[in-house]
Structure formats: structure tokens, C-alpha cells
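In: sequence unavailable; structure follows:
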């Protein structure tokens, strides 16, 4: 059983509010994407890493090699218009896969993921077929109508905030891609594809420090977390 990793990095990062794409912003001297790739690259059990990036960023591979991680087991492919298409691009370029190999999908904007969490996801995926990390929701959640008027309060005990890496046996992702229109923007992660084809998705404990860099404040918090490690 081999481990394959897909790191979709095709997004524009428009919510971050800067001209530079979010995945290429630096954290302690290295781009977010570089840091994420390095974490997975340093795990001996990882066989290959596929990184879908925007077409207009391919020049970085030659012009700005310091912002990308280079290794024989890391390959960059063209990303798509959406996250789901980018992940599929990565999946379709995996080589030498068997049906029970584990495929991990991890956000390029989560540079603080730990090897412990990665190993936990891998072990749970081997056992359950699909496994995703998540943390409990601490805030009170309100459901609102189109006019932003509250019409219900959602029970927190049944809610989880999902993280990555998400783990899948190769055969489950392959089945989903063959059965579904994965390009539909309603699929915000690959776990939703599993829900559609009735493959159980196992939730395991996530890590509160495994935050996704979405705003400038998140980058500040990430810097502070790194200082404590």
C-alpha cells in the first residue's frame, strides 16, 4: 500500500486581498506551498506528490525556483478553474497506483499540518476507506434566511469544522470520478463525492493549529504558532 499526495494550489486567493496568490505568500521565509510540500516530502512512506498550479505560475518553476519545492517525487501539473477540477488533474496524473493505495488531499494554505495528524489520517484511511480530520465547533451557529434574519439555531454537538489532509483509498476516488460530475461547484471537498456515492466518511480528531490561511490575520497567527514549535 503506497501513499500518494495531491496538493491543489490553483486558487486565486482573492479573499486574502493581495495581488500575490495566497499559496505563494511567505511564512518565515518560505512560501506556504513550499512548506506544505516539504512536510509531505519528508515522510518516507509518501511515494509521489502532485501539485496542480495555475498555468501562469509555471514560470516560477524556472524563474523563481526558491518559491517551489523541487524533488524527483514532486510533480507540478496545470490546475483547473475550481478546486475540484485541480484535484482531479492531480489524481489523473498519479502513476503506479493500486486500488487500496491511500490518496491524501491537502490544502496548499494549511502549512502547519503535523506529521502526527498526517499519520492518523493515513491509519484511519487504511482502516475505514475514507477519513477526514475535523474539530468541534465552539461558536453558536445561527441559520438565517435570505434577509439575514435568524430562523434557527443549529445544535453544535452535531457540527464539525473539516480540515485536511483528507484520505481516500484510490478505488473510492476513482469510482466517484467515474460516477459523478465532479466539476459541479457544489462539491467543496472530495468527502462530498463520497457522500454522493454512499461511501462512509470517518471523522477523526483534527488539530486546532492546523488552520487554513485565508486572511492576513491568519498569517500572523501562523507566525506566532511557528515560534512556539
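Out: Nice, thanks for sending it over. Owing to the predicted nature of the structure, the values given are computational and were not obtained by experimental measurement.
In: what segments of the protein are strands?
Out: Along the chain, counting by DSSP state E, strands occupy 3-6, 26-27, 30-31, 46-53, 74-78, 102-105, 130-136, 141-144, 150-154, 160-162, 166-169, 202-205.
In: wait, residue 126 sits on residue 101?
Out: No. Residue 126 is beyond contact range of residue 101, at 10.1 Å (criterion: CB atoms under 8 Å). All C-beta spots, glycine's among them, are computed from the backbone N, C-alpha and C.
In: which residues are in contact with each of these two?
Out: residue 1 (CB atoms under 8 Å, 6 or more residues apart in numbering).
In: looking at the two, which has the bigger crowd around it?
Out: residue 101 (18 against 15; other CB atoms under 10 Å).
In: residues in contact with the closest residue to residue 25 other than its chain neighbours?
Out: In this structure, residue 25 finds its nearest non-sequential neighbour in residue 32, 5.8 Å apart by CB to CB, 6 or more residues apart in numbering. Residue 32 is in contact with 22, 23, 24, 25, 26, 108, 109, 111, 213, counting by CB under 8 Å, 6+ apart.
In: ok, residue 32 to residue 67 distance?
Out: Counting by CB to CB, to the nearest Å, the gap from residue 32 to residue 67 is 10 Å.
In: helices of the chain, start to end?
Out: Along the chain, the segments classed as helices by DSSP state H run 32-41, 60-63, 83-92, 115-128, 170-179, 190-196, 216-227.
In: who touches the fifth one?
Out: Contact with helix 170-179 is made by 4, 88, 91, 94, 97-103, 129-130, 182, 190, 193-194, 196-197, 199, as judged by CB under 8 Å, 6+ apart.
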